[in-house]
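Predicted coordinates and the sequence they were generated for:
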Amino acid sequence: MYRTLCPELAALERVIELGAAHLHTRVVQRVALAGGVSLPIYAIELGSRHPNAPVVGYFGGVHGLERIGTEVVIAYLHTLVRRLQWDSTLHQQLADVRMVFMPIVNPGGMALRTRANPQGVDLMRNAPVQALDPVPFLVGGQRISPHLPWYQGLSGAPMEPENQALCGVVNDLLGQCQFALTVDCHSGFGTRDRLWFPFAHKREPMAHLAELQALKAIFEQTHSYHRYVIEPQSLQYLAHGDVWDHLYLQSLQRPGQVFLPLTLEMGSWLWVKKNPRQLFSRHGIFNPLIQHRQQRVLRQHQSLLDFLARATSSCQRWLPTPVQRATLHDQALQAWY
């Protein structure tokens, strides 16, 4: 029954079945819906099992309405599974890196066609991190009512089960590794595709700004014509309860670890501009409704996701030395702050 409610979940399970020989798959949480239906949250691992191996993670479906983020992650996982049947270079790469996928963090919201989870909580406003400066009314997170968007949940309550599952997977994978990189795929902000990095709760720069600047440099050197705007989220707006801010702050308690969490915000207003009728559909505001546009979106982000895997497996070749960090940090401050 749940496959009818959430076809993306059925698509993910087909990919899991196809790649069963290579994938380590587990259900990290189940989400209950009315009528006795429960939906699984899958975490899928691929590649090295060494505890010190660098980690790259791909996440989607945190907001149930933003189905295109889930579809982008599933499409990339499907590509990897197919390549494993013939691509020896991919096998060599996977010997040096661990990959993790959580394409549908919020299956309940996806099944119910809502941004929030079934309890009405926005998972990206639910972590125990409060903004240090004023946030936009409602958009930055609110505790007025779960019937309004951007609801944070009750003050002092534990994080929602979906976020606990997400944080558990990330913290388990970070473990003893020295380098980790994640991307969380969303849609719905402007007409440009944006790559955001922490912080969302304050305007000060993150501790690993030099490493982020180095990553940006190698991306631009090898993707000269990319159309991503790379920036801290705080340049756009501040928000309470950002789960990636929470996870990044936790990572700072592990000496020597570099964790770079990114958020891909696909510019859904461009799809609306090309097809204004999408404004009359909640689904259409956040997703391309015309098939050829959906296929184009699924194609165009694959090179970014593949770059992140390659950058992670080769991180020792581009991470800045102590001497380089000061220069890169100053360049980033000049560019963004």
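Yes, it's here.

all strands for the protein, in order.
Using DSSP state E, the strands assigned to the chain run over residues 24-32, 38-47, 55-60, 98-102, 179-187, 193-197, 228-232, 258-266.

Can you list the residue ranges for helices in this structure?
Assigned by DSSP state H, the helices in the chain fall at 2-5, 7-18, 67-83, 88-94, 107-112, 161-174, 209-222, 243-251, 269-274, 282-286, 291-300, 302-313, 322-336.

Make a markdown table out of those and add mean pLDDT.
Below are the helices of the chain laid out as a markdown table (pLDDT from 0 to 100):
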| stretch | mean pLDDT |
| --- | --- |
| helix 2-5 | 66 |
| helix 7-18 | 96 |
| helix 67-83 | 97 |
| helix 88-94 | 97 |
| helix 107-112 | 95 |
| helix 161-174 | 96 |
| helix 209-222 | 97 |
| helix 243-251 | 98 |
| helix 269-274 | 75 |
| helix 282-286 | 73 |
| helix 291-300 | 85 |
| helix 302-313 | 97 |
| helix 322-336 | 96 |
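
mind checking which of those is nearest residue 26?
helix 161-174 (9.1 Å; C-beta to C-beta). From N, CA and C alone the C-beta is placed, and that goes for glycine too.

what's the angle between that closest one and strand 38-47?
10 degrees (axes from the mean of the first three to the mean of the last three C-alpha atoms, to 10 degrees).

Tell me how far stretch 178-196 lies from the chain's centre.
6 Å (C-alpha atoms, centre = their mean, to the nearest Å).

mind listing what the residue nearest to residue 8 when sequence neighbours are not counted touches?
Nearest non-adjacent residue to residue 8, counting by C-beta to C-beta, 6 or more residues apart in numbering: residue 70, 5.0 Å away. Counting by C-beta atoms under 8 Å, 6 or more residues apart in numbering, residue 70 makes contact with 8, 12, 60-61, 103-104, 110, 185.

Now with 10 Å, please.
By C-beta atoms under 10 Å, 6 or more residues apart in numbering, the contact list for residue 70 reads 6, 8-9, 11-12, 59-64, 102-107, 110, 185.

Any quick ChimeraX command for the buried ones out of those?
In ChimeraX syntax, the buried subset of those is picked out as below (16 or more other C-beta atoms under 10 Å):
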select :6,8,9,11,12,59,60,61,62,63,64,102,103,104,105,106,107,110,185
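
Tell me how many other residues surround the closest residue to residue 90 other than its chain neighbours.
Nearest residue to residue 90, sequence neighbours excluded (C-beta to C-beta, 6+ apart): residue 83, at 4.9 Å. Residue 83 sits with 13 neighbouring residues when counted by other C-beta atoms under 10 Å.

hang on, isn't residue 83 packed against residue 89?
Yes - with contact defined as C-beta atoms under 10 Å, residue 83 reaches residue 89; the gap is 8.9 Å.

Excluding sequence neighbours, find me the nearest residue to residue 135.
Of all residues not flanking residue 135 in the chain, residue 238 sits nearest, at 4.8 Å (C-beta to C-beta, 6+ apart).

quick one: contacts for the one you found?
So residue 238 contacts 131-136, 139-141, 199-203 (C-beta under 10 Å, 6+ apart).

now residue 261
Residues near residue 261 by C-beta under 10 Å, 6+ apart: 57, 59, 170, 180-184, 196-198, 206, 242-248, 251.

What of residue 171?
Counted by C-beta under 10 Å, 6+ apart, residue 171 has contacts 247, 250-251, 254.

if you set the cut-off to 7 Å instead, what comes out?
residue 250 (C-beta atoms under 7 Å, 6 or more residues apart in numbering).

pLDDT at the residue positioned nearest the centre of the chain, what is it?
What sits nearest the mean C-alpha location of the chain, by C-alpha atoms, centre = their mean, is residue 184, with 0.7 Å. pLDDT recorded at residue 184 is 98.

Which residue, other than its chain neighbours, is closest to it?
Closest residue to residue 184 in three dimensions, ignoring its sequence neighbours and counting by C-beta to C-beta, 6+ apart: residue 59, at 4.3 Å.

just checking, the one you found touches residue 105?
Yes - with contact defined as C-beta atoms under 7 Å, residue 59 counts as touching residue 105 (6.1 Å).

Off-centre distance for stretch 312-331?
With C-alpha atoms, centre = their mean, you get 23 Å for stretch 312-331.

Next, the buried residues of it.
312-313, 315, 319-320, 325, 328-329, 331.

can I get these in JSON lines with distance to residue 151?
Putting the buried residues of stretch 312-331 into JSON lines (distance: C-beta to C-beta, whole Å) gives the following:
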{"residue": "312", "distance to residue 151": "34"}
{"residue": "313", "distance to residue 151": "39"}
{"residue": "315", "distance to residue 151": "37"}
{"residue": "319", "distance to residue 151": "39"}
{"residue": "320", "distance to residue 151": "40"}
{"residue": "325", "distance to residue 151": "40"}
{"residue": "328", "distance to residue 151": "39"}
{"residue": "329", "distance to residue 151": "37"}
{"residue": "331", "distance to residue 151": "39"}
